[in-house]
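Asker: with the input below, show me the fold.
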Amino acid sequence: MCGGLALLTLSFARLNATPDREVIVTERLLGTSADGFAILRVEMDNLGSHYSSGEKHFLDIYEKNSREEGADFATKNSTVLLLDQTYSKHPDAKRNALPEVSLNEMADADEAVSLPHLIAKFPRMPEKWEVEKFQRLGAQPTGGVWLEHYNLIWGGWVKERFGVGRNDDLDWKLEDVMEDSNSLFLKVSIVEQTRWICILPKTTKQVRARLFLQEFYLVAGTFDTEEEAVALAKEINRIRRDRKFYGFDPEVWSERTPRDKTRYRVVSGLEESAVENDSFSKLEEIFGLEIEVSTGLRFENRIFIE
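Answerer: This is a model prediction of the structure:
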């Protein structure tokens, strides 16, 4: 009997023990523009108590400025505390009794945080990727997010968005991808928490190019330097304009060779009609080049021609 009473007392003590402090953070994407975007960040804080909790709402503004080094994702430019309030309940209150709400702080109703201002500054909502496109991505807590062998973001940088170290264990997952005119938005989560990570235009352009990669291409030239490849692509475009010929739309891609060297190739998408109609001879005559067929499976980065 004594042992049962002791166990009951211990269980009761545990039930009434002060809980560990825990802050749950969620983010909601409010809108984007070509230059930036807005996030509503909500922090739910249990204050380490059974009888009170806190809630804070922040407006975070991000600018789409690429860094000179490191990850190609947006960083926060400014933060406004919109609302800070505390919920409290007397220990003897009934279970279904409503808590008392104490307003600690609220943002001034200035133009910078007004709804019309935010709509005008960030007027668009990105479109969600379809399932077929989303499933082409890989995601893993350590490795990050990638498309085929092209890495969008390293896992350590994702972990930092949850306030932990790059090498800490954190089992985050990729929930959704959205896309606006020039950037990708990754929605990542752990239990009850969400973060939005904006992949900036430089990387987004590469992702979009890779989504349309073909297995085979027509190749007009292969070079050791990017400058040589771009020069040929521009010359081909000049000939196309002069001859009013649009059968070869040049792209420049870097490629990793089987010997682990980088080379640059001037290519155009291969259509079945080109093979069926033996269009290679016409292309070689127009451009004065030898045209061959090669795979695009080793392509790494597209070099965009201005």
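Asker: count of residues packed around the closest residue in space to W253 that isn't next to it in sequence?
Answerer: The shortest distance from W253 to any non-neighbouring residue, by Cβ to Cβ, 6 or more residues apart in numbering, is to F299 (4.3 Å). (Glycine included, C-beta is placed from N, CA and C.) Other residues near F299 number 22, with proximity taken as other Cβ atoms under 10 Å.
Asker: can I see the domain layout of this structure?
Answerer: The record's domain split for the chain, according to automatic domain parsing, is 22-208, 213-303.
Asker: could I get those as a markdown table with mean pLDDT?
Answerer: As requested, these are exported to a markdown table (pLDDT from 0 to 100):
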| stretch | mean pLDDT |
| --- | --- |
| domain 22-208 | 92 |
| domain 213-303 | 88 |
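Asker: hang on, the earlier thing: so the residue nearest to W253 bridges to which residues?
Answerer: E255 (DSSP bridges).
Asker: now it: how far from V42?
Answerer: Noted for F299: a distance of 42 Å to V42, by Cβ to Cβ, to the nearest Å.
Asker: likewise for A71?
Answerer: Applying Cβ to Cβ, the value for A71 to V42 is 25 Å.
Asker: one more: D242?
Answerer: For D242, the distance to V42 equals 59 Å [Cβ to Cβ].
Asker: more neighbours, the two?
Answerer: More crowded of D242 and V42, by other Cβ under 10 Å: V42, with 16 against 8.
Asker: check contacts around the more buried one.
Answerer: V42 sits next to 25-28, 55-58 when contact means Cβ atoms under 8 Å, 6 or more residues apart in numbering.
Asker: surely it is in a strand?
Answerer: Yes - secondary structure of V42 (DSSP: H, G, I helix; E, B strand; the rest coil): part of a strand.
Asker: what about it, distance to G288?
Answerer: Distance, V42 to G288, using Cβ to Cβ: 63 Å.
Asker: one more: I197?
Answerer: As judged by Cβ to Cβ, I197 and G288 stand 47 Å apart.
Asker: then D60?
Answerer: For D60, the distance to G288 - Cβ to Cβ - is 55 Å.
Asker: between these two, which is the more surrounded one?
Answerer: Higher neighbour count among D60 and G288: D60, with 17 against 9, using other Cβ under 10 Å.
Asker: tell me what the strand or helix carrying E27 is packed against?
Answerer: Assigned by DSSP states H and E, E27 belongs to strand 23-32. If contacts are counted by 3 or more Cβ pairs under 8 Å, 6 or more residues apart in numbering; DSSP states H and E, strand 23-32 sits against strand 36-45, helix 115-121, strand 184-190, strand 193-199.
Asker: residue ranges for the helices of the protein, please.
Answerer: Using DSSP state H, the helices of the chain run over 2-15, 115-121, 131-134, 155-160, 201-211, 226-243, 272-276, 280-287.
Asker: distance to S88 added to the ones you listed, as JSON lines?
Answerer: Formatted as JSON lines, those follow (distance: least, Cβ to Cβ, whole Å):
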{"stretch": "helix 2-15", "distance to S88": "20"}
{"stretch": "helix 115-121", "distance to S88": "30"}
{"stretch": "helix 131-134", "distance to S88": "43"}
{"stretch": "helix 155-160", "distance to S88": "33"}
{"stretch": "helix 201-211", "distance to S88": "46"}
{"stretch": "helix 226-243", "distance to S88": "63"}
{"stretch": "helix 272-276", "distance to S88": "71"}
{"stretch": "helix 280-287", "distance to S88": "77"}
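Asker: quick one, which of the ones you listed is nearest to D169?
Answerer: Closest of the helices of the chain to D169 is helix 155-160, at 8.9 Å (criterion: Cβ to Cβ).
Asker: buried stuff in that closest one?
Answerer: For helix 155-160, the neighbour count (16 or more other Cβ atoms under 10 Å) marks 155-156, 158-160 as buried.
Asker: out of those, which is nearest to R208?
Answerer: Distances from R208 to the buried residues of helix 155-160, taken by Cβ to Cβ, are shortest for V158, at 21.2 Å.
Asker: from memory the closest one sits against V188, does it?
Answerer: Yes - between V158 and V188 a contact is recorded at 5.7 Å, counting by Cβ atoms under 8 Å.
Asker: overlap in contacts of those two?
Answerer: 172, 195, 197.
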